[in-house]
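Q: quick one, fold the following:
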Amino acid sequence: MSKNDLKTSLHALIDSIEDSTVLQAYLILLSREAQSQEDFWHNVDDQTKSAINEGIADFSAGRDADFFEYMKSSHGIER
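A: This is a model prediction of the structure:
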């Protein structure tokens, strides 16, 4: 069943439900699902966004390092 077919079937089922408690339960369930699909970037604070963007700029400019080499040289942790 395609995504459009699924949506059409869901719309038809919801249209046939008369119990407001059941409808409210589905509203809550679907609202939570829709919220969980939001882009996480909108919930990230400005300081974190800045740090991420700085890291992306460093990588784009060729300023990167192997993680395991970094851990070994900076913290003495070997693989």
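Q: all helices for the chain, in order.
A: 3-16, 20-36, 46-60, 67-75 (DSSP state H).
Q: could you export these as JSON lines, including mean neighbour count and mean pLDDT?
A: In this view, the C-beta of every residue, glycine as well, is placed from N, C-alpha and C. Output for the helices of the chain, formatted as JSON lines (neighbours: other C-beta atoms under 10 Å; pLDDT from 0 to 100):
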{"stretch": "helix 3-16", "mean neighbour count": "10", "mean pLDDT": "93"}
{"stretch": "helix 20-36", "mean neighbour count": "10", "mean pLDDT": "88"}
{"stretch": "helix 46-60", "mean neighbour count": "10", "mean pLDDT": "95"}
{"stretch": "helix 67-75", "mean neighbour count": "11", "mean pLDDT": "90"}
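Q: domains of this structure?
A: 1-37, 45-79 (automatic domain parsing).
Q: for the shortest one, how far is the first residue from the last?
A: Meaning domain 45-79. 33 Å (C-alpha to C-alpha, to the nearest Å).
Q: state the distance from residue 79 to residue 70.
A: Residue 79 sits 12 Å away from residue 70, going by C-beta to C-beta, to the nearest Å.
Q: swap that for residue 57, please
A: 18 Å.
Q: and if you look at residue 19?
A: Computed as C-beta to C-beta, the residue 19 to residue 70 distance reads 59 Å.
Q: residue 56 now?
A: Residue 56 is 17 Å from residue 70, by C-beta to C-beta.
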